[in-house]
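Q: Build me a structure from this.
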Amino acid sequence: MYMMRNKQIVISGGTSGIGLATAELFAQDGAEVLLIGRNKAKGLSAAQKIQQLSPGSVFIQADLSTMQGCHNAAQSIKRRGREIDVLVNAAGIYAEGRLGTVTEIEYDELMNINVKGTIFLTQELLSLMSKLDASIINIASDAGVNGNYGCPVYCASKGAVVAFTRGLALDCAPLIRVNCICPGDVATPLVEKQLVSGNYTLAEMTKAYPLARIGKAEEIAHMICAIASPLNGFMTGSIITIDGGLTAG
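A: So this is what the prediction gives:
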């Protein structure tokens, strides 16, 4: 479907949610998928699932919130001796908090995972992406485009990913295409945690969406794979919202 047979795909945050759904689609299309995550047990379980579709796929344990962690992950990938066709930067966290309550620790955690990890894992892996039409896809959020209530630092972190995408697309052209997906709320473990910690229900969350529901991980995964496909070879520097109409108004 996506022309990914025998290609090597790296997905940060690939052990759950959107990242794992994307890994499944790539693997079904014949790609070899490298999943990066912090939790070893969750990562090995995810890799076992993907290996049923693509035996060469593996899990790489790394903490991408530090430059050293990004370097360690990249070294593990480089030892495989293959170039990378697609990098998906899907690792990220969500945290609410109005500006008056945000601590430096909370700020650092959001920025380190959402921004630093995206930037420096990409930096580490660029040397492995010398093939024409290699592709980088960053995962931001609708909040990084239009903002949202009660989470200004999270909005700032995802807005940084959007701006990073645009700048990197210019620097990497014409060899590497760089695009960004901005999902609305998606039924993933991240949103489950959000509902537990927030003062609202899933029913209340869905009322904000013209399509009267939140997204599915496989819907976002499909768009990631479609953008990575050579069939989309003229797309770079694009910021694509997939949000059930949330940002249309």
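
Q: Phi first, then psi, for the nearest residue to residue 240 once chain neighbours are set aside.
A: Using C-beta to C-beta, 6 or more residues apart in numbering and skipping the chain neighbours, the partner closest in space to residue 240 is residue 181 (5.5 Å). For glycine as for every other residue, the C-beta is placed from the backbone atoms N, C-alpha and C. Backbone dihedrals for residue 181, given as degrees, to the nearest 10, come out at phi -100, psi 130.

Q: And the residue positioned nearest the centre of the chain, what's its pLDDT?
A: Closest residue to the average C-alpha location of the chain: residue 90 at 1.6 Å, with C-alpha atoms, centre = their mean. Per-residue pLDDT puts residue 90 at 98.

Q: residues in contact with it?
A: For residue 90, the contacting residues are 11, 12, 13, 14, 17, 18, 19, 22, 139, by C-beta atoms under 8 Å, 6 or more residues apart in numbering.

Q: Tally up the residues packed near the first one, please.
A: This means residue 11. Counted with other C-beta atoms under 10 Å, the neighbours of residue 11 add up to 30.

Q: Phi, psi for it please.
A: The phi/psi pair for residue 11 (degrees, to the nearest 10) is phi -130, psi 110.

Q: got the CA positions of the helix ranked longest in the chain in PDB?
A: When the chain is scanned for its longest helix (criterion: DSSP state H), the result is helix 152-172. Taking C-alpha atoms only, helix 152-172 is exported to PDB below (Å, rounded to 0.1, in the frame of the first residue of the first chain):
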ATOM      1  CA  PRO A 152       0.500  26.700  27.600                       C
ATOM      2  CA  VAL A 153       3.800  25.000  28.100                       C
ATOM      3  CA  TYR A 154       2.600  21.900  26.300                       C
ATOM      4  CA  CYS A 155       1.400  24.100  23.500                       C
ATOM      5  CA  ALA A 156       4.800  25.800  23.400                       C
ATOM      6  CA  SER A 157       6.600  22.400  23.200                       C
ATOM      7  CA  LYS A 158       4.400  21.200  20.300                       C
ATOM      8  CA  GLY A 159       4.600  24.600  18.600                       C
ATOM      9  CA  ALA A 160       8.400  24.200  18.700                       C
ATOM     10  CA  VAL A 161       8.100  20.900  16.900                       C
ATOM     11  CA  VAL A 162       6.000  22.600  14.200                       C
ATOM     12  CA  ALA A 163       8.600  25.400  13.700                       C
ATOM     13  CA  PHE A 164      11.400  22.900  13.800                       C
ATOM     14  CA  THR A 165       9.800  20.900  11.000                       C
ATOM     15  CA  ARG A 166       9.500  23.900   8.700                       C
ATOM     16  CA  GLY A 167      13.100  25.000   9.300                       C
ATOM     17  CA  LEU A 168      14.500  21.500   8.900                       C
ATOM     18  CA  ALA A 169      12.500  20.800   5.700                       C
ATOM     19  CA  LEU A 170      14.300  23.800   4.100                       C
ATOM     20  CA  ASP A 171      17.700  22.600   5.300                       C
ATOM     21  CA  CYS A 172      17.200  19.000   4.200                       C
END
